Every structure is written in C-alpha cells, then in structure tokens.
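Novice: sequence first, predicted model second:
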2 protein chains.
Amino acid sequence: PDTPLKQEQAADPLSSWNEGATKKAIIDFVEKTTTEGSTDFVEVKNRIATFDNDGNLWSEQPLYFQLIFAMDRIKGMAEGHPEWKNEEPYKSILEGNVEKALAGGTKSILALVMASHAGMTTDEFNQEVNDWLATAKHPKTGKPFNEMIYQPMVELLDYLRANDYKTFIVSGGGVDFMRAWVEEAYGIPPHQVIGSSNKVKYEVSEDGTPTLIKQAELNFIDDKEGKPVGIHQYIGMRPVFASGNSDGDYQMLEYTMAGNGPRFGLLLHHTDSIREFAYDRESHIGQLNKGLDDAEKMGWTVIDMKKDWKKVYHFEK
Amino acid sequence: PDTPLKQEQAADPLSSWNEGATKKAIIDFVEKTTTEGSTDFVEVKNRIATFDNDGNLWSEQPLYFQLIFAMDRIKGMAEGHPEWKNEEPYKSILEGNVEKALAGGTKSILALVMASHAGMTTDEFNQEVNDWLATAKHPKTGKPFNEMIYQPMVELLDYLRANDYKTFIVSGGGVDFMRAWVEEAYGIPPHQVIGSSNKVKYEVSEDGTPTLIKQAELNFIDDKEGKPVGIHQYIGMRPVFASGNSDGDYQMLEYTMAGNGPRFGLLLHHTDSIREFAYDRESHIGQLNKGLDDAEKMGWTVIDMKKDWKKVYHFEK
Ligand SMILES: [Ca+2]
Ligand SMILES: [Ca+2]
C-alpha cells in the first residue's frame, strides 16, 4: 500500500531539482534499471550506490568541516598540552592563525588529526563529535554543520533507496567522525559508511571492561585509488551508481563505469557562489580539474549546482 | 501479510533445534528484545548480530576448507612454478603430504595463502572460488563444501532477520573467499561479511580498463582481538548478539556482552563425533579452551551440538 510519503515521492521524488537534462538523466537511469523486463534491469542485490561526502552531500568550504572540528579539539585540549604553545601547527591554531597552521599541507593536517582523533575510546570520540555538532556553527551561515547538507542529494539518496538501491558513503573523511551523525542526516547506517581511518586497539581494563582505543596511526586512506580499494574491501561489489565532486572521486567513477551493464557516474560542479561556494580547477579543497576535462568522454553526468538545484540547503526560504 | 514462509517460521522458526535450555534461551532473547514495551526492547537500528564462520556456520574439519582450496590451487598452479618441486611447503603439497606441508604452522599457512590468493584480479579470484566449489568434495561426506553448512544455524540467521536483526559474518577466513558463496548459503550480502584480507591494488590498463589486483601482503587479520577491531572498522556498532565456536571468538563475545542493555553470547561446542566432528580443548583447528572455562562466568550460552541439534546438515535423512 502506498503511504503518503510514497505518493509524494511518486509525484516528484526530486522536488528540489530543477527540470532539465541532469534530473532527467537520473530518473531515466533509475527507471530503466528497476523496470522488470527492461534490457537494463539490475537485480536488487546488485543495486549499490556510492556517494562521496565532503562537497558532495554536505559543504566543504571554507575548510573541511572535520578539520574545523580537529582545530576546535586542539583548542579544547590545549590546557593539557603546554608544549603546543611553541610547536606548529598547534601554536598557530591556538593563536587563531588557520592559514599558517595549514601551511605545512598534508603533514600539518595529519598532525592535527592524530593529535585530536587519538588516545581516547571510540565511544568517547563519538561523544566528542556529537558535543561539537551541538554547539559549533558554520562561519558563513551560522548553522550547525550537520545542517549544511544538500537537500537535493538527500532527496536523491531517498529516491534511490525507494527503488531498492543500497546507499553507501565512500569518503576521504574519517569514518568514526562521519558515523556519529550521518544516519540522522542521510539515513545511511554506520555499516554503510566507508572512510579513512586510524588503527584501533582492543584493551581490557583490570576490572574486565573491554574498550577500543583510537591510535595515532593511519589504517586506511579512502581517497583517489583508495576509493575503489575501499569499495572492494568493505562492500565487496562494484557499484552501479557513483557520485562525487572532486578529482578524489575520479577512480571511484572510473571503476564504477567500467562494470558490465548500465552504470551511472555523477559529478557535482560547485558553480553557485551565492547560495553555496563556487570553485573547481584551482581550489585547494575539493579540486575538480581532470574530472571536468574527462566527464564527457567518460560518460559522467555533471550537476551544475547553480542551474540544476532549486534549493541547496533545507533551511533556505 | 503473512507469507507461507512466515507462518511456518512462526510455528517453529528453529525446527532443526531440539527443545531444551539452549533453544529456549535464544527464543526468549529474541522475543524480549523485539517486543515493544519490554524493558529489554532493542531498537531496530541497533539489532546487530555477528557470526563466526569456520566451525560455526559450516564445518572446519579435517582442515579449514579455505586451506583445502589453497592447496588445490597450488596443485593447479604447479606447472607454472617448477621451483615449487624443491621448496616447502609447496613440495609436500605436490607430493600429497598435507601433514608435512603444514608442519611449519602459521608460516606455512601464510605462504600457501599468499601463493594461491594473490597476483590475480578480484574478479578472477572470485571465479576460481566458484569453480572450485562446483567440483571439490569434502573428504568425509563427499558433499560440495558449500553444502557442509549447519542447518540449525541457517535457521537461526533466518529467524534473527525475520525479527529485523542484521546478520554479519565476522570470521578469520578470507573475506574474498567467503563473499564468493556466502550470500547463497546464508543469505548474507557481501557488504555484511567481515574477514581477514590481503591488500588490493587499483590498476588501469593501457586500454583504460580498471582492475583490482590481489597483493601478497596482509591487510587485516580478523581473529581474536582483531574481531572487535574489525567490528568497529566495518560495522561501527557494538553487536547485540554474537556467535562463535573457538577461543578466536573470545574477544568478540566479551566485547559484545560488555555493552549496555540485553546482549547474547553463543558458543558452539563440537560434541558430535558421529554426525560431525568432536573436538575442543586440544584441537589444532577451532580450539575451544578458555571459552569453555569462562562461558558460565561470562553469561554465554553453549550449544551442545550432539544434544541441541536435531539435524546438522540439510542433506541428512
Ligand atoms: Ca568530495
Ligand atoms: Ca571458528
């Protein structure tokens, strides 16, 4: 029986998308892969859809939100680390100089993540993320970070699931950071979230209580060629549908499209400087260069955010 | 609406289990955790159940089946490796001396697995496993290995899923080896299978075809304290229900039981030398020693295979 929600979705499952080639391409693909008898029919068990997160399901400007969380943690932990007053990148963070703190590139970022994401139990970390989300605000919109999610993408996730697709996140972001909030935001359960991770260690205290302690040691980087690797190790199947927004998603889309039968590759191009942020080939965050060059040749559909989205965030008027 | 299957399950969801304390403990637990209003009610999203595989969902005697597969692969690959005639453990395998081949313990087993499970694409490996299952026979029963699965455990998996539990495999066995056949055997999809793994590498050939190549390098060992670690990295939630058969499952059960609210730990004790195999404290395969000592103290339920199971395999009369 059709619930009211189902009827509404049947009316327009993607109501925050403007009519046009992009919306039509998505709907045509979902319909042809889920219509029995269609030559492009895909069995339910093979309906795997993977989504990048930063800049694809939520914003990533002016800085990856996880990095803002890491810097806020560093400030909160500073009292226990007097040595940070004289040590980069901590020193610059404590002085409020973000640009200088990140001048060391990947090395600085790794140092921040290791210092702020390790040495606690997984339960404690989860709590830290939730506490932060409850109070921290985005510098441009003043909204909590977990409201900076793209309404059209939330609708796309719902639409795919209503058509028996399983939706997964495949992100370069930290898996423990994402799992704290993505189920509520996107309806994606923790075991369908793949991300970068540090090692964790199993320890049993003297009173017999077992805990998992987050270690300051990399376990897996889920970016670029790491994305198809992560998809294999965690999902064990090639996706039918893959969605991303930067050159870090190139290999995920390439791998997805190379499977037999119908496949869909989707790239989000950030073209809207008013409602969101406009950036692509030259951006330090979410750079999209090779992907834009090759999208047509590779058969990927490109979302023009400014043109294709009626609404970016749910809180817009 | 009740389907005929649902009606039958409602009549006796665990029809291959004998009446008794074990069966009753399982049913009581599932009922109390799924009855709204019960103080032990568990929300659907938290109903995570994890199962060891070897010796828990299928047999593991006289040798882990994956090891038999590895040795069959070594024989099949021998023509391309003339050096194996003079090199252990390959030499002994080619001479049919399994005991001698495995005399080197973990080191020999790792060598066999690396030689037989690497240097091919993930798709090719999957095909190899399926080809092997289609022809290889268990030395005692003469049945294909994927029929050596425990009918009472298949019913338990079905029963848990009928009550909105998500069922996962958490096994020391190779994840790619299991994913080739477990969905058909147990109804568990590839992304709910956690196991040991080698690294894989993403490569794009000159004609643009991307592949994932299995490497001869360990990625993760999903055994003992590796099980709670694997559960965290892949599932991201603590199970409510955990089931295993050896001391390799000790930490998984310990971690599971330490969560708040109702938890169920299940240990399968191999007591049936006629219908299956009888082994525990002294066995080189599936050793169960500390687990037997501590089960009562830890609140784990122990299955006595001989007494608790009406039937072991589906093909029994
Ligand atoms: Ca991104
Ligand atoms: Ca086992």
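Specialist: Yep, that arrived. Residues are numbered from 1 along each chain as shown, chains lettered A, B, ... in the order given. Ligands and ions are numbered 1, 2, ... in the order given.
Novice: could you pull out the helices for the stretch 51-200 of chain A?
Specialist: Counting by DSSP state H, counting those that start in this stretch, the stretch 51-200 of chain A has these helices, from start to end: A:65-77, A:90-94, A:98-101, A:106-117, A:122-135, A:151-162, A:175-179, A:182-186.
Novice: now do A:Gly105 against A:Gly174, distance only.
Specialist: According to Cβ to Cβ, to the nearest Å, A:Gly105 and A:Gly174 sit 18 Å apart. Every residue, glycine included, has its C-beta placed from N, CA and C.
Novice: looking at these two, which is more packed in?
Specialist: For A:Gly105 and A:Gly174, the more surrounded residue by other Cβ atoms under 10 Å in any protein chain shown is A:Gly174, and the numbers stand at 22 against 9.
Novice: I'd say that one and A:Met114 touch.
Specialist: No: with contact defined as Cβ atoms under 8 Å, A:Gly174 does not count as touching A:Met114 (11.2 Å).
Novice: please identify every residue contacting each of the two.
Specialist: Here A:Gly174 and A:Met114 share the contacting residues A:Asn198, scored by Cβ atoms under 8 Å, 6 or more residues apart in numbering or on different chains.
Novice: how many residues are close by A:Glu43?
Specialist: Using other Cβ under 10 Å, A:Glu43 has 8 other residues around it.
Novice: what does the one 4 residues further on give?
Specialist: Neighbouring residues of A:Arg47 were enumerated by other Cβ under 10 Å; the total is 21.
Novice: looking at the helices of the stretch 51-200 of chain A, which is nearest to ligand 2?
Specialist: Nearest to ligand 2, of all these, is helix A:122-135, at 25.0 Å by Cβ to the ion.
Novice: so what touches that closest one?
Specialist: For helix A:122-135, the surrounding residues in contact (Cβ under 8 Å, 6+ apart) are A:69, A:72-73, A:117, A:120, A:144-146, A:176-177, A:179-181, A:200, A:211-214, B:232.
Novice: what do you get if the cut-off is 6 Å, keeping everything else the same?
Specialist: A:69, A:146, A:176-177, A:180-181, A:212, A:214, B:232 (Cβ atoms under 6 Å, 6 or more residues apart in numbering or on different chains).
Novice: pLDDT score for the residue of chain A found nearest ligand 2?
Specialist: Using Cβ to the ion, the closest approach of chain A to ligand 2 is made by A:Tyr202 at 18.0 Å. A:Tyr202 carries a pLDDT score of 98 in this model.
Novice: again with A:Pro1
Specialist: At A:Pro1, pLDDT is 46.
Novice: contact partners for the residue most central in space within chain A?
Specialist: Nearest residue to the geometric centre of chain A (Cα atoms, centre = their mean): A:Asn53, 1.1 Å. By Cβ under 6 Å, 6+ apart, the residues touching A:Asn53 are A:169, A:171, A:173.
Novice: got it, and A:Gly291?
Specialist: Applying Cβ under 6 Å, 6+ apart to A:Gly291 gives the contacts A:247, A:250, A:267.
Novice: ok, the residues you listed vs A:Gly226, which is closest?
Specialist: Minimum distance to A:Gly226 across the contacts of A:Gly291 is 11.7 Å, recorded for A:Tyr250 (Cβ to Cβ).
Novice: could you say which helix or strand holds that closest one?
Specialist: Using DSSP states H and E, A:Tyr250 falls within helix A:250-257.
Novice: taking helix A:250-257 as reference, get the angle to the helix or strand just after that helix.
Specialist: Proceeding N to C from helix A:250-257, the next assigned helix or strand is strand A:264-271, under DSSP H and E. Taking axes from the mean of the first three to the mean of the last three Cα atoms, to 10 degrees, strand A:264-271 and helix A:250-257 form an angle of 150 degrees between their directions.
Novice: looking at it, A:Phe220 is touching A:Ser197, isn't it?
Specialist: Yes: under the criterion of Cβ atoms under 6 Å, A:Phe220 makes contact with A:Ser197 at 5.2 Å.
Novice: related to what we said a few turns ago, could I get the helices of the stretch 51-200 of chain A as CSV with mean pLDDT, distance to ligand 1 and mean neighbour count?
Specialist: CSV is the format used below for those (pLDDT from 0 to 100; distance: least, Cβ to the ion, whole Å; neighbours: other Cβ atoms under 10 Å in any protein chain shown):
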stretch, mean pLDDT, distance to ligand 1, mean neighbour count
helix A:65-77, 96, 12, 19
helix A:90-94, 96, 23, 20
helix A:98-101, 93, 20, 15
helix A:106-117, 91, 15, 18
helix A:122-135, 97, 19, 16
helix A:151-162, 98, 12, 20
helix A:175-179, 98, 12, 25
helix A:182-186, 98, 14, 19
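Novice: out of these, flag the one nearest A:Lys24.
Specialist: The nearest among these, by Cβ to Cβ, is helix A:151-162 at 13.4 Å.
Novice: what helices or strands is that closest one leaning on?
Specialist: Packing partners of helix A:151-162 (3 or more Cβ pairs under 6 Å, 6 or more residues apart in numbering or on different chains; DSSP states H and E): strand A:166-174.
Novice: show residues contacting the strand it packs on.
Specialist: By Cβ under 6 Å, 6+ apart, strand A:166-174 touches A:48-54, A:66, A:157, A:160-161, A:188, A:192-196, A:222-223, A:227, A:231, A:248.
Novice: where do the strands of the stretch 201-317 of chain A begin and end?
Specialist: Counting by DSSP state E, counting those that start in this stretch, one finds strands in the stretch 201-317 of chain A at the ranges A:210-220, A:241-244, A:264-271, A:278-279, A:301-304.
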